[in-house]
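Trainee: All I have is the shape, not the residue letters:
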């Protein structure tokens with residue numbers, strides 16, 4: 001008997017199956033928008049797709065009267081800069097401490113509990129503290145992303161290093177490798193693929209911290225724009241911005257996945273079988 005758990009769709013079928021939910025969501029939205037507008041022509045909750053397209057075109061192609069910038073692209077550039085800095089610093093710190101905790105039992109015993117405790121602190125709870133300490137400028141927004149995802153990266157990478165077969169460590173030492181050489185030649189190469197995967201998992205929280213910080217104290221950015229126009233119930237701007245943020249996050253996730261498989265194909269050998 002053929003079981004459903006053993007049915008593997010081909011590439012064409014996978015594309016079709018993936019497309020169905022998006023088509024259904026679009027259909028439900030268009031239908032709901034039309035029904036609400038039929039009842040109330042001034043309804044703002046579900047604006048028609050044509051209205052959102054007009055708003056996006058204006059934000060992307062017409063300079064803002066106050067600042068003279070193309071609002072959509074200026075907001076995107078500001079948010080991506082903050083996100084990139086936050087992810088970059090978090091990755092560097094997480095990789096360094098992950099290797100330290102994973103390679104040195106003494107460091108793990110001394111710093112492991114502290115990192116575990118830090119990872120339990122809700123980053124949003126200390127946002128006011130960050131604004132007080134670092135001010136309302138760019139640094140506080142970047143630091144929220146760093147503080148929010150770095151402890152997770154530390155713990156995840158430390159566990160990755162700890163899961164490396166002990167035989168590899170022993171062989172390296174037998175060949176005369178020092179702790180530093182073993183870290184660089186054995187642990188580090190096997191940690192990079194997991195770092196990229198961990199960054200993929202951190203994209204969602206990183207965007208959450210970014211949008212939250214921009215909503216409270218910023219003069220530009222995707223989160224700033226959403227919370228600026230919410231008072232006017234401008235769903236024709238809010239919904240496209242949410243979709244744009246989602247698309248950016250998906251593209252970044254896809255790029256990190258491709259980078260991991262291109263740079264470290266040996267780590268995905270079993271997936272290819």
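Mentor: The structure has been received and is ready for your questions. Keep in mind that this is a model prediction, so the values were computed, not measured. Numbers count the residues shown, from 1 in each chain.
Trainee: Okay, helices next: where are they in this structure?
Mentor: Counting by DSSP state H, the chain has helices at residues 11-39, 49-61, 71-103, 105-119, 127-134, 138-162, 166-174, 179-182, 188-216, 222-229, 235-263, 269-272.
Trainee: Now render those helices as TSV, adding mean neighbour count and distance to residue 2.
Mentor: The C-beta positions use only the backbone N, C-alpha and C, and glycine is treated the same way. Output for those, formatted as TSV (neighbours: other CB atoms under 10 Å; distance: least, CB to CB, whole Å):
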stretch	mean neighbour count	distance to residue 2
helix 11-39	11	16
helix 49-61	15	42
helix 71-103	20	44
helix 105-119	13	45
helix 127-134	15	54
helix 138-162	22	38
helix 166-174	12	41
helix 179-182	14	49
helix 188-216	19	33
helix 222-229	21	47
helix 235-263	16	31
helix 269-272	7	24
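Trainee: Turn those helices into a markdown table, columns for mean pLDDT.
Mentor: What follows is the helices of the chain, written out as a markdown table (pLDDT from 0 to 100):
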| stretch | mean pLDDT |
| --- | --- |
| helix 11-39 | 89 |
| helix 49-61 | 91 |
| helix 71-103 | 94 |
| helix 105-119 | 90 |
| helix 127-134 | 86 |
| helix 138-162 | 93 |
| helix 166-174 | 88 |
| helix 179-182 | 89 |
| helix 188-216 | 93 |
| helix 222-229 | 91 |
| helix 235-263 | 94 |
| helix 269-272 | 63 |
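Trainee: I'd like those as CSV, with distance to residue 5 appended.
Mentor: Shown next, in CSV, are these (distance: least, CB to CB, whole Å):
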stretch, distance to residue 5
helix 11-39, 16
helix 49-61, 39
helix 71-103, 36
helix 105-119, 35
helix 127-134, 45
helix 138-162, 29
helix 166-174, 35
helix 179-182, 42
helix 188-216, 25
helix 222-229, 41
helix 235-263, 25
helix 269-272, 18
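Trainee: Please report how far residue 200 lies from residue 252.
Mentor: 8 Å (CB to CB, to the nearest Å).
Trainee: ok, now residue 47?
Mentor: 27 Å.
Trainee: just residue 130 next, same as before
Mentor: Distance, residue 130 to residue 252, by CB to CB: 24 Å.
Trainee: Surely residue 59 is in contact with residue 74?
Mentor: No. Residue 59 lies out of contact with residue 74 (CB atoms under 8 Å); the separation is 9.6 Å.
Trainee: Ignoring the adjacent residues along the chain, who's closest to the residue nearest the centre of the chain?
Mentor: Geometric centre of the chain, nearest residue: residue 203, 1.0 Å, by CA atoms, centre = their mean. Nearest residue to residue 203, sequence neighbours excluded (CB to CB, 6 or more residues apart in numbering): residue 249, at 5.3 Å.
Trainee: list the contacts for the one you found?
Mentor: By CB atoms under 8 Å, 6 or more residues apart in numbering, the residues touching residue 249 are 203, 204, 207.
Trainee: Just list the residues touching the first one, thanks.
Mentor: So that's residue 203. For residue 203, the contact set (CB under 8 Å, 6+ apart) comprises 249, 252, 253, 256.
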